[in-house]
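[1] Fold the following, please.
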Amino acid sequence: MQLLHSSIVETSIVQVQRYRHLSHNETQYGGSDTSKKREYNMAYVNTARTGGITLSQRFAALRENFAAARAQRKIYTTTVNELEMLSNRDLADLGISRSTIKSIALEAAYGN
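    Numbers count the residues shown, from 1 in each chain. All right, here's what the predicted structure looks like:
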C-alpha cells in the first residue's frame, strides 16, 4: 500500500534594499546639531513554503490506496474461504490447523 506523503518545497529569495538614514550628532548639553545622511544596504531573505503536492494528486493517491486496500482484503477473504472449505484431513495433510487459518490469511494478504 502506498502512503501519501506531503512534501514541502522551500524557496528562498535574497534581496538587497538601499535606504537612507538620517543620523543626528549633537553634543550632550546644548552643543551644535549636525545632521548627516548616510546610505545603507540591507539584505534580507524571504522564504516561501509551498506544498509540493496538488489536490488532484492527493485524490489520485487516495484512490490508489483504496484500490490497494480492497485488493488486499480480497486476498484475505479468498484465502480464509478456501481454507475453511477444506476438510480436517486435507488441512492436516497441509500441516494447518483450523485455529491458524486467519493468521495464515493475514500473512498472505498483508505480509504480517
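
[2] tell me the strands in this protein, going along the chain?
    For the chain, the strands defined by DSSP state E cover 8-26, 33-51.

[3] And these, which one averages the lowest pLDDT?
    Between the strands of the chain, the lowest average pLDDT goes to strand 8-26, which shows a mean of 61.

[4] now for the lengthiest helix in the chain, which elements pack on it?
    If you go by DSSP state H, the chain has its longest helix at helix 55-85. If you count contacts as 3 or more CB pairs under 8 Å, 6 or more residues apart in numbering; DSSP states H and E, helix 55-85 packs onto helix 101-110. Glycine gets a C-beta too; all of them are placed from N, C-alpha and C.

[5] what inclination does the helix it packs on have with respect to helix 55-85?
    Put simply, helix 101-110 runs at 150 degrees to helix 55-85, going by axes from the mean of the first three to the mean of the last three CA atoms, to 10 degrees.

[6] buried residues in helix 101-110?
    Ile101, Ala105, Ala108, Ala109 (16 or more other CB atoms under 10 Å).
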